[in-house]
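> could you look at this predicted model? Sequence included:
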Amino acid sequence: MKNKIYISILVIGILNWNCINKSDSKSENKAEILKDSLIESTNSELTEYQKKWVKYVDDNGVITSELELYISEYGDTLCWNKKIYKNGILDITKSNFYEFEAKMAKDSIIKGRITLYSELDFSIKDSVTEKELTLDFVNSILDKKEVISFKSKNQNYVDFDFKNNNDTIIGLLTEFRQIDLLKSPDSTRMVWTKLPIDSKSLTKNVFINLHELDKNKR
């Protein structure tokens, strides 16, 4: 049976457009519940994924796109990051991906930056009144496991600096946008985009399970 590739990044962004009048404290409570669940979860309960980039070319051998695939141990394939090319040149306006920079410093300190490139920067014509990036990591020190978070506002990157047992990084990048609609001045929309972050090609990223990122299949 032929495996299907599920493109998830835009589904997450589009399906989470909600009209709001005031902030919702339930989202904060849910975040705390997810963090508690993450700490209690074990590797045996999680699905293992192989992460790799796949290149596509046209009949003339010119690159047209690249997809980063997460292939599960059960044969399902998910995709959040995509690079679209026009005449062999990367088209940022049609692409969704992040750049990951990290290095291990002294005393097991990991320092780095994640930069997000999103086609929403070009496709949304309404005014973005707020944009925030939240980067969550599973932090393991000795026998203790916890979730640590880093944030940035109105930027397309977020810096991080934390101590970890090893150089394995497992995380989640969440972009939040608050948008004022030009055609409906009294209406505001919120958009969330979620991307798993992994430094290794084989991963059991707990955030995929906890945030049900594998449920957004198309």
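That came through, no problem. Quick caveat, the model's predicted, so the values are computed rather than measured. Numbering: from 1, shown residues only.
> just give the number of residues close to residue 123.
11 (other C-beta atoms under 10 Å). Yep, even glycine has a C-beta here, placed from its N, CA and C like the rest.
> list phi and psi for it.
The phi/psi pair for residue 123 (degrees, to the nearest 10) reads phi -90, psi -20.
> contacts only, for it.
residue 93 (C-beta atoms under 8 Å, 6 or more residues apart in numbering).
> after the longest strand along the chain, which helix or strand is next?
When the chain is parsed with DSSP state E, its longest strand is strand 127-141. Toward the C-terminal end, the helix or strand that comes next after strand 127-141 (DSSP states H and E) is strand 144-153.
> gap between residue 191 and residue 50?
According to C-beta to C-beta, to the nearest Å, residue 191 stands 30 Å off from residue 50.
> so which of these two has more stuff around it?
Legend: neighbour count by other C-beta under 10 Å for residue 191 and residue 50, higher for residue 191 (21 against 14).
> does that one touch residue 176 like I think?
Yes: contact criterion C-beta atoms under 8 Å: residue 191 and residue 176 qualify, at 7.3 Å.
> tell me where the protein has helices.
Under the criterion DSSP state H, the chain contains helices at 9-15, 26-40, 120-123, 206-210.
> where among those is the average confidence lowest?
Ranked by mean pLDDT, the helices of the chain bottom out at helix 9-15, with a mean of 35.
> re earlier: and for the longest strand of the chain, what's in contact with it?
Counting by C-beta under 8 Å, 6+ apart, 38, 114, 116, 145-158, 160, 162-166, 169-180, 182, 188, 197, 206-207 sit against strand 127-141.
> quick check: neighbours of it in the sheet, parallel or antiparallel?
If you go by DSSP bridges, strand 127-141 pairs up with strand 144-153 (antiparallel), strand 170-180 (antiparallel).
> list the buried residues in the last one.
Burial within strand 170-180, assessed by neighbour count using 16 or more other C-beta atoms under 10 Å, is assigned to 170-179.
> distance to residue 106 and pLDDT for those residues - can I get that in CSV?
As requested, the buried residues of strand 170-180 are exported to CSV (distance: C-beta to C-beta, whole Å; pLDDT from 0 to 100):
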residue, distance to residue 106, pLDDT
170, 22, 92
171, 22, 94
172, 27, 95
173, 26, 96
174, 30, 95
175, 32, 93
176, 34, 92
177, 37, 88
178, 39, 86
179, 43, 83
